[in-house]
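Peer 1: this is the structure alone, sequence omitted:
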Ligand SMILES: O=C(O)C(=O)C[C@]1(C(=O)O)C=C[C@@H](O)C=C1
């Protein structure tokens, strides 16, 4: 009874081609004007993909899905140009033109195909938005940066599966700002083609996070697991390939969209399965002094005893409530096998700025600075609920530590209090070590 999770060649690769090649292939459909006329700015990207049916409740989806299967058979890479005329095809980072966003309806990028939880999150975050699918997280970041869309909504953590590290890392490499968050209750279903029973299933496909969230159930069922780029893509793959021994873990809306049967509902291990999504924009929210904001800060520290403890003391001493901290490897200062031999002493070596664009908002420049000793990690103090978090401090943090990205309204206090609070906090920051960091500008 196999229960291990394996990463197979992702169906998304099968469906959407191979990088730049699929980009070339997309050129043809641009000429087919099936795209709704009221969305001209996307005609180049989605000419063959929309029929204005995005809100279809799925009543006739079985026929559509089955009919499309033939399209996959002759040449998988042509699927880009022949993909469902009913669904937008995901953007990939190689397919983003430099067009400028215009128009009134907010366009919001999400990772996945139609029916992904991220699509639901995008619609929850921005009701009445035009949700734009992207094949990878990077593509969603780039779509905002290149003005293809106005916002991105991307998962950052799940109550059962934990952090989505990829997006932490991408936040550093891109220059977008967190302007809000949305939490989505994720209720997974076990889906299969019509006529397939639970006992017929040998394996199940889904996003790794979704598989992790259903670990106990899938183990009980004795199903092997294979990873896909998103849950809805798993459903699409199972449907289009008419698989009889393979199910998908995905949403009930994915079941409708791709014409699958729901074998079991609520297969996640805990009924409180919530994913937190970040709302990302090109411009930050400018914090006012009249309201406190929820803030995230990224910083790295020099190697030394208790440096992280001291850094966090800065917040503790100011009664600032931290709700999450995430430490991630610094890509340009990776751990090396040879570090084993120096008995846990400092990691030596010069960091090179290869990953981070110089123009990004401070933090990458900062992290790429040439300090010789480093812990090899950067730290994200996340969900930092700061009462009376003042503008001036935000400015200082932005200049010296990195960036403050997440801001949300909490309550109100006087400006004088805020200024005092800020000055003291910054003094502590200097005292406890942040002050020794290399300024980023
Ligand atoms: O695969 C999807 O449907 C997604 O939207 C992605 C994602 C994730 O990355 O965590 C979002 C919510 C669920 O936690 C499972 C998967």
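Peer 2: Perfect, I can see it now. Because the structure is a prediction, the values reported are computed rather than measured. Numbering: from 1, shown residues only.
Peer 1: could you use CA atoms for every contact and neighbour count after this?
Peer 2: Fine.
Peer 1: if residue 328 is in a bridge, with which residues?
Peer 2: Under DSSP bridges, the beta-bridge partners of residue 328 are residue 378.
Peer 1: in the stretch 151-300 of the chain, what residue is nearest the ligand?
Peer 2: Going by Cα to the nearest ligand atom, the ligand is nearest to residue 230 of the stretch 151-300 of the chain, at 3.2 Å.
Peer 1: contacts only, for that residue.
Peer 2: By Cα atoms under 8 Å, 6 or more residues apart in numbering, the contact list for residue 230 reads 111-113, 116, 206-207.
Peer 1: for residue 284, same thing?
Peer 2: Contact analysis of residue 284 by Cα under 8 Å, 6+ apart lists 176-179, 405.
Peer 1: neighbours of the closest residue to residue 209 other than its chain neighbours, how many?
Peer 2: Computed as Cα to Cα, 6 or more residues apart in numbering, the closest residue to residue 209 that is not its neighbour in sequence is residue 161, at 5.9 Å. Using other Cα atoms under 10 Å, residue 161 is surrounded by 18 other residues.
Peer 1: quick one, what contacts residue 161?
Peer 2: Contacts of residue 161 by Cα under 8 Å, 6+ apart are 209-210, 212-213.
Peer 1: following the chain onward from the host helix or strand of residue 169, which element is next?
Peer 2: Assessed by DSSP states H and E, residue 169 sits inside helix 165-173. As assigned by DSSP H and E, the chain's next helix or strand after helix 165-173 is strand 177-185.
Peer 1: what is the next helix or strand along the chain from that next one packed up against?
Peer 2: The C-terminal neighbour of strand 177-185 among helices and strands, as given by DSSP H and E, is strand 189-192. Under the contact criterion of 3 or more Cα pairs under 8 Å, 6 or more residues apart in numbering; DSSP states H and E, strand 189-192 touches helix 231-240, strand 246-250, strand 261-265.
Peer 1: quick one, the second one and helix 231-240 angle?
Peer 2: In other words, strand 246-250. 150 degrees (axes from the mean of the first three to the mean of the last three Cα atoms, to 10 degrees).
Peer 1: what's in contact with strand 246-250?
Peer 2: Outside of strand 246-250, the residues within contact range by Cα under 8 Å, 6+ apart are 116, 188-193, 201-206, 210-211, 231-232, 234-235, 238.
Peer 1: the next helix-or-strand element following that strand: which residues count as buried?
Peer 2: Counting by DSSP H and E, the next helix or strand C-terminal to strand 246-250 is helix 252-258. Residues of helix 252-258 classed as buried by neighbour count (16 or more other Cα atoms under 10 Å): 252-258.
Peer 1: also stretch 111-126?
Peer 2: Across stretch 111-126, burial judged by 16+ other Cα under 10 Å covers 111-123, 125-126.
Peer 1: likewise for stretch 146-163?
Peer 2: For stretch 146-163, a neighbour-count test (16+ other Cα under 10 Å) marks 146-158, 160-161, 163 as buried.
Peer 1: ok, which of these also contact the ligand?
Peer 2: 155, 158 (Cα under 6 Å from any ligand atom).
Peer 1: could you list which of the buried residues of stretch 146-163 belong to strands?
Peer 2: Judged by DSSP state E, the buried residues of stretch 146-163 include 151-158, 163 as members of strands.
Peer 1: save those as TSV, and put in pLDDT and distance to residue 106 too.
Peer 2: Below are these laid out as TSV (pLDDT from 0 to 100; distance: Cα to Cα, whole Å):
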residue	pLDDT	distance to residue 106
151	96	8
152	97	10
153	97	12
154	96	16
155	95	19
156	90	22
157	88	24
158	89	26
163	85	27
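Peer 1: closest one to residue 172 out of those residues, please.
Peer 2: Of all these, residue 156 has the smallest distance to residue 172: 13.2 Å, by Cα to Cα.
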